[in-house]
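Q: here is a sequence together with a model predicted from it:
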Amino acid sequence: MITDGKPTCLKEGIKYYKNSYGLDRKIINKTLNQAAICRRLKIPITTFMIARDPYLQQFVRTLQKLIMVVHITAP
């Protein structure tokens, strides 16, 4: 999967919960939970980020702690 890196949507049953404004705590928590599951299942996740948004950088740092691999580069 390739993504812009900003979690903005999650699936709840047959519906989608979307919020593209800021970082939604509900979406962030679900994303981090799924990353932790991937780690336990030994599914690799590699993150490469080019951004200056401090909130998004904090999210990636938190994700890094869960998956142990990240590369952050300033544009």
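A: Sure thing, it's come through.
Q: what is the mean pLDDT for the helix or strand containing residue 30?
A: For residue 30, the element it lies in under DSSP states H and E is helix 25-40. Mean per-residue pLDDT for helix 25-40: 89.
Q: repeat that for stretch 62-74.
A: 70.
Q: before we move on, back to that, quick check: buried residues in the helix holding residue 30?
A: 27-28, 30-32, 35 (16 or more other Cβ atoms under 10 Å). The C-beta positions use only the backbone N, C-alpha and C, and glycine is treated the same way.
Q: could you dump those to CSV with distance to residue 57?
A: Shown next, in CSV, are the buried residues of helix 25-40 (distance: Cβ to Cβ, whole Å):
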residue, distance to residue 57
27, 17
28, 13
30, 20
31, 15
32, 15
35, 16
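Q: so which of these comes closest to residue 11?
A: Nearest to residue 11 among the buried residues of helix 25-40, counting by Cβ to Cβ, is residue 30 at 9.1 Å.
Q: so what's that closest one up against?
A: 7, 10 (Cβ atoms under 8 Å, 6 or more residues apart in numbering).
Q: now do residue 38
A: 44-45, 67.
Q: mark which of these are buried, thanks.
A: Here, 16+ other Cβ under 10 Å leaves 45, 67 buried among the contacts of residue 38.
Q: can you give me the strands in the chain?
A: 9-12, 15-18, 48-50, 71-73 (DSSP state E).
Q: nearest to residue 63, out of the ones you listed?
A: Short answer: strand 48-50, nearest of the strands of the chain by Cβ to Cβ, at 9.5 Å.
Q: most remote residue from the protein's center?
A: Distance from the centre of the chain peaks at residue 14, with 21.5 Å (Cα atoms, centre = their mean).
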